[in-house]
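Novice: sequence plus predicted model, see below.
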Amino acid sequence: MRAEPQSFDRVLSSMCTKPHPVAREAAMRFLATNPGDPGTYPSVAALEQEAIERLGTLAGLADPAGYIASGGTEANIQAVRIARERARSSRPNVVMPESGHFSFRKAADVLEIDLRVVPTDADRRADVDAVRSAVDDETALVIGVAGTTEYGRVDPIPELAEIATAHDALCHVDAAWGGFVLPFTEYEWHFDHAAIDTMTIDPHKMGQAAIPAGGLLVRDAALLDELAVDTPYLETTSQATLTGTRSGAGVASTVAALEELWPGGYADQYERAQANATWFAEQCRRLGYRVVEPTLPLVVTDLPTATFEGLRDLGWRLSRTSAGETRVVCMPHVTRSMLEAVVADIKGLQQGRKVLSSGI
Ligand SMILES: *Cc1c(COP(=O)(O)O)cnc(C)c1O
């Protein structure tokens, strides 16, 4: 097999990134281990406990429980599943802002719960009043997003948790992307800030771990029992994950990345990414485009379709929001010189020239 993976040199649309060298090395060493069978593979199972302990430190939880999932999608599905199992109603509903990730639609589909999607406010954060009017006695879960996929917004988590508590519902925070940058901001988003029950926090996004490494954290280990099924042919008696066999690569690379980068390395990464986002937003403004203020390292700007397509033709990997704006995620591999090259290409396209991007 001679194929090579593509480089990250022009990738501006991904929420994943180049794994840190220590994470890559750990992933390769643990590739052939299966934390889904802890009786047979005890060393990777122990490592998974360490990964959860370390993620708990990021997320304000002294005694965390959870597991390393295949990604944010699985963690979100499992959070909805916990809430459904806890619900007293036979027709439970889940309330989520429209900025919530599409994985919750998959969850609603497979778990057959009613997903109530409510509008966001003028700043694209969950509208607390809209959430309040959508919840009722059948609400099993209120979802808040800490770092939305499209605009990088952080919902008012303490208020959402209060609404959940008042209705005897659980509260889930989706910090799949934001979890590794939010510790360096002033936002109130984690277990120590609000009465939240479950959280998605993905090492394979801003955490620089290798794919697949998603994180599901729960405040109380008893919540995981809602997911447990009997495992007759394994040494251990039950399993709480959605997948059965799973790679130890994600587990090992999570521990390796956290050991290497928490907290100083991630703090530096956040500072660099946020400075890049602020710089790029300013350049887009100067070029005459409207920009959604990057409150986290993610810039949304309204480039014309021709410019967006021109950049794609030049090899840039960009994506669009559902409203059609251009979205640039300032992941760790996105350097200032890459952004300078994009800005040069935008200028070239504005002048109607077909430019060949230089610099990288
Ligand atoms: C990326 C993302 C997800 C989905 O995670 P996967 O690892 O792609 O399954 C869920 N929620 C948010 C907010 C995300 O950004």
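Specialist: Good, I have the coordinates. Residues are numbered from 1 along each chain as shown.

Novice: list the buried residues of stretch 10-20.
Specialist: Residues of stretch 10-20 classed as buried by neighbour count (16 or more other Cβ atoms under 10 Å): 10-13, 15-17, 19-20. Bear in mind the C-beta positions are built from the backbone N, C-alpha and C, glycine included.

Novice: and those, which is closest to residue 146?
Specialist: residue 15 (13.8 Å; Cβ to Cβ).

Novice: one step back: restrict the buried residues of stretch 10-20 to those near the ligand?
Specialist: residue 15 (Cβ under 6 Å from any ligand atom).

Novice: out of the buried residues of stretch 10-20, which is nearest to the ligand?
Specialist: Ranked by distance to the ligand (Cβ to the nearest ligand atom), the buried residues of stretch 10-20 are led by residue 15 at 4.8 Å.

Novice: mind checking the SS state of the closest one?
Specialist: coil (DSSP: H, G, I helix; E, B strand; the rest coil).

Novice: per-domain residue ranges of the chain.
Specialist: Domains of the chain are assigned by automatic domain parsing as 21-261, 264-352.

Novice: what number of residues lie near residue 304?
Specialist: Close neighbours of residue 304, defined as other Cβ atoms under 10 Å, add up to 12.

Novice: from residue 311, how far out is it?
Specialist: 11 Å (Cβ to Cβ, to the nearest Å).

Novice: do residue 82 as well
Specialist: 42 Å.

Novice: between the two, which one's more packed in?
Specialist: Per other Cβ under 10 Å, whichever of residue 82 and residue 311 has more neighbours is residue 82, with 25 against 22.

Novice: buried residues of the strand or helix carrying that one, list them for me.
Specialist: In this assignment (DSSP states H and E), residue 82 forms part of helix 72-86. Applying a neighbour-count criterion of 16+ other Cβ under 10 Å, one finds 72-84, 86 buried in helix 72-86.

Novice: that helix close to the ligand?
Specialist: Yes. Helix 72-86 reaches the ligand (Cβ under 6 Å from any ligand atom) through 72-73, 76.

Novice: the nearest residue to residue 290 once chain neighbours are set aside: what's it in contact with?
Specialist: Once flanking residues are discounted, residue 290 sits nearest to residue 302: 4.8 Å by Cβ to Cβ, 6 or more residues apart in numbering. Each residue near residue 302 by Cβ atoms under 8 Å, 6 or more residues apart in numbering is listed here: 289-291, 325-326.

Novice: where does residue 141 land in three-state SS?
Specialist: strand.

Novice: tell me what it is bridged to.
Specialist: residue 94, residue 170 (DSSP bridges).

Novice: who does residue 326 bridge with?
Specialist: residue 301, residue 320.

Novice: who are the packing partners of the longest helix seen in the chain?
Specialist: Identified as the longest helix of the chain according to DSSP state H is helix 264-286. When contacts are defined as 3 or more Cβ pairs under 8 Å, 6 or more residues apart in numbering; DSSP states H and E, helix 264-286 packs onto strand 291-292, strand 298-301, helix 336-350.

Novice: what lies in contact with the second one?
Specialist: Counting contacts by Cβ under 8 Å, 6+ apart, the residues outside strand 298-301 that touch it are 150-152, 277, 280-281, 284, 289-292, 294, 321, 325-330.

Novice: hmm, which of those residues are the buried ones?
Specialist: Of the contacts of strand 298-301, these count as buried by 16+ other Cβ under 10 Å: 150-152, 277, 280-281, 284, 289, 291-292, 294, 325-330.

Novice: please list all residues in contact with the residue nearest to the spatial centre of the chain.
Specialist: In the chain, the residue lying closest to the centroid (Cα atoms, centre = their mean) is residue 176, at 1.9 Å. Listed by Cβ under 8 Å, 6+ apart, the contact set of residue 176 reads 15, 71-72, 75-76, 101, 147, 200-202, 205, 214.

Novice: now with 6 Å?
Specialist: 72, 200, 202 (Cβ atoms under 6 Å, 6 or more residues apart in numbering).

Novice: hang on, the first one packs against residue 203?
Specialist: This means residue 72. No. With contacts counted by Cβ atoms under 6 Å, residue 72 stays clear of residue 203, the gap being 10.5 Å.
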